[in-house]
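1. Structure, please.
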Amino acid sequence: MSHAHEQACSNPKQHVHDAGEFVDEVAAICSERDLRLTAMRRRVLELVANADRPVKAYDLLDRVRDGEGSAAPPTVYRALDFLLANGFIHKLESINAFIRCHHPRVQHSVPFLICDRCQRAVELEDEEATRLLNAQAAALGFRPQAQTLEVHGICAPCGGEA
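-> Numbers count the residues shown, from 1 in each chain. Here you go, the predicted model:
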């Protein structure tokens, strides 16, 4: 596990579960990094943060339109691009949906467990998988530029397990 990731995991301020606190934390990070968290970016962030499962871009667009009235798809996509580029959210490629990052201060790759029944996703906090994949890639002379590990299956509540 990287030193920065260890620090983020050991500092409860870094690991934010409450949606409102998460948005406030991202706003603070933007201020520290001199990034502009525009009203639209903040609104999209709030919608992703408050979702109980990964949310698709067009669902976000519909929700933004409910509040704003006339948001266009490029506006929402630009907000998503900003949030992704700065590590505040993750994109789950296999289901083409977005989920907030539990460690918004630290750029990292994390595996996700995605339930095929309820679509809930869990961000795992084990950097060992990332380290192993990077080591195997390096041994083959491959230089990864991006890494998303998504494991599909059935979660305990959907599978009837305790």
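2. switch to C-alpha atoms for all contacts and neighbour counts from now on
-> Will do.
3. Residue 73 - nearest residue in space that isn't next to it in sequence?
-> residue 61 (6.5 Å; CA to CA, 6 or more residues apart in numbering).
4. And what about the one you found, helix, strand or coil?
-> helix (DSSP: H, G, I helix; E, B strand; the rest coil).
5. Give me the neighbour count for it.
-> Neighbour count for residue 61, taken as other CA atoms under 10 Å: 21.
6. and if you look at residue 42?
-> Neighbour tally, residue 42, other CA under 10 Å: 18.
7. Does it lie in a helix or a strand, and which?
-> According to DSSP states H and E, residue 42 maps onto helix 39-50.
8. Check which helices and strands that helix sits against.
-> helix 19-33, helix 57-68, helix 73-85, strand 97-100 (3 or more CA pairs under 8 Å, 6 or more residues apart in numbering; DSSP states H and E).
9. now residue 25: how far from residue 49?
-> Using CA to CA, to the nearest Å, residue 25 is found at 12 Å from residue 49.
10. OK, contacts around the residue lying closest to residue 41 once chain neighbours are set aside?
-> The spatial neighbour of residue 41 that comes closest, neighbours along the chain excluded (CA to CA, 6+ apart), is residue 79 at 4.7 Å. By CA atoms under 8 Å, 6 or more residues apart in numbering, the contact list for residue 79 reads 40, 41, 44.
11. tell me which helix or strand of this protein sits lowest on mean pLDDT?
-> helix 3-10 (a mean of 36; mean pLDDT, DSSP states H and E).
12. What helix or strand is residue 152 located in?
-> Applying DSSP H and E, one finds residue 152 within strand 149-153.
13. what does that strand rub up against?
-> 92, 94, 110, 111, 112, 113, 114, 115, 116.
14. avg pLDDT for that strand?
-> The average pLDDT for strand 149-153 rounds to 92.
15. Quickly run through the sheet partners of it, with directions.
-> Strand 149-153 has the following strand partners under DSSP bridges: strand 111-115 (parallel).
16. Next SSE downstream of the strand it pairs with?
-> strand 121-123.
17. If you count contacts, what does that next one end up packed against?
-> strand 111-115.
18. Was I right to think residue 22 contacts residue 49?
-> Yes. Contact criterion CA atoms under 8 Å: residue 22 and residue 49 qualify, at 7.2 Å.
19. All good on my end, thank you.
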